[in-house]
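Asks: What follows is a predicted structure for the sequence shown.
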Amino acid sequence: MNLSLERIADPEIEPLTLAEMKRHLRCYDSSMSEDDDITALIVAAREWVENYTGRALIDQTWRLMLGDFVVNDTLMRRSPITALTEQIWRITLANYGSGGLSLRRSPVIAVTKFAAIDAAGAETDIPTTQYELREPGSKWPRIVPLSGAAWSARTLKVEFRAGYADRLGSPTQDAGSVPARFKQAMKLWAEANYDRDPVMMPLLLKVAEDIVRPERVDMQLA
């Protein structure tokens with residue numbers, strides 16, 4: 001069995017503005033010669049934080065697929081994986097019917113699609129009466145079956161929105177909803193990769209990791 005998790009819609013804003021990052025990097029506001037590079041650094045810093053912690057900072061959409069599925073017209077049955085990862089996947093597959101299907105990104109705002117795909121590739125939506133999203137704000141949000149429902153399919157597909165800032169909510173949430181620790185880690189990571197000082201770079205990266213480590217999702221438990 002395979003597990004695939006990919007972001008299919010990027011956030012429309014970033015947790016930090018260009019002005020905020022320029023102040024942290026001690027760049028002159030009037031100088032715009034590096035604006036494009038610093039903007040790209042903000043995106044890279046946010047993606048580093050998200051990849052390191054398993055958290056999503058700003059409203060974005062993810063697709064989780066579990067089972068045998070087609071990529072580039074090739075049926076994926078098994079990818080090269082470590083023994084530990086394979087064990088985790090087997091535990092997930094063996095227990096998803098009762099313990100829930102881990103979404104592996106959090107916090108979850110909403111599940112937008114949950115479907116079963118058969119061997120012929122036909123996709124069938126699973127009714128919302130058969131499942132429930134549990135603990136969406138925790139490190140391990142999951143979908144659990146309701147009323148004895150069982151999901152028997154060659155492939156399960158889940159699409160969901162995740163992030164601290166709900167961009168479709170009322171009122172619409174902005175970067176102010178993102179916890180400060182994530183923003184500070186972004187700043188330090190960006191500073192390390194902006195200056196690239198051989199002495200300070202590893203120190204800044206370590207502090208950035210230390211700041212967000214408490215929020216990191218242990219995939220062995222997810």
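Replies: Alright, I've got the coordinates. Numbering: from 1, shown residues only.
Asks: Give me the below-cutoff pLDDT ranges for this structure.
Replies: Filtered on pLDDT under 70, the chain yields the residue ranges 1, 69-99, 151-152, 219-222.
Asks: how about residue 43, what does it touch?
Replies: Listed by CB atoms under 8 Å, 6 or more residues apart in numbering, the contact set of residue 43 reads residue 14. For every residue, glycine as well, the C-beta is placed using N, CA and C.
Asks: doesn't it fall inside a helix?
Replies: Yes: Residue 43 sits within a helix when classified using DSSP: H, G, I helix; E, B strand; the rest coil.
Asks: quick one: it from residue 12, how far?
Replies: 12 Å (CB to CB, to the nearest Å).
Asks: tell me the secondary structure for the residue of the chain most remote from its centre?
Replies: Relative to the centre of the chain, the most outlying C-alpha is that of residue 30, 34.9 Å out, by CA atoms, centre = their mean. Following three-state DSSP, the label given to residue 30 is coil.
Asks: is it fair to say residue 112 lies in a helix?
Replies: No: using three-state DSSP, the secondary structure at residue 112 is strand, not a helix.
Asks: Pull the number of nearby residues for it.
Replies: By other CB atoms under 10 Å, 13 other residues sit near residue 112.
Asks: That one touches residue 159, doesn't it?
Replies: Yes: judged on CB atoms under 8 Å, residue 112 makes contact with residue 159 at a distance of 4.9 Å.
Asks: Break the chain down into its domains, please.
Replies: 12-56+171-215, 60-162 (automatic domain parsing).
Asks: so can I have JSON lines of these showing distance to residue 4?
Replies: Listed next are these as JSON lines, based on distance: least, CB to CB, whole Å:
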{"stretch": "domain 12-56+171-215", "distance to residue 4": "16"}
{"stretch": "domain 60-162", "distance to residue 4": "4"}
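Asks: Out of these, which is closest to residue 2?
Replies: Residue 2 lies closest, by CB to CB, to one member of those: domain 60-162, at 4.9 Å.
Asks: Find the residue at the geometric middle of this structure.
Replies: Note: the chain centre (CA atoms, centre = their mean) maps to residue 105, 4.1 Å.
Asks: Contacts only, for it.
Replies: Residues near residue 105 by CB under 8 Å, 6+ apart: 5, 54-56, 62, 141, 160, 162.
Asks: ok, now which ones touch residue 186?
Replies: Here residue 186 is in contact with 15-16, 42, 45-46, 48-49, 208 (CB under 8 Å, 6+ apart).
Asks: wait, which of those residues is closest to residue 185?
Replies: Compare each of the contacts of residue 186 with residue 185 using CB to CB and the shortest gap goes to residue 208, at 4.4 Å.
Asks: the strands in the protein, which residues?
Replies: 2-9, 60-67, 69-71, 74-76, 101-102, 108-117, 123-125, 131-134, 142-145, 155-162 (DSSP state E).
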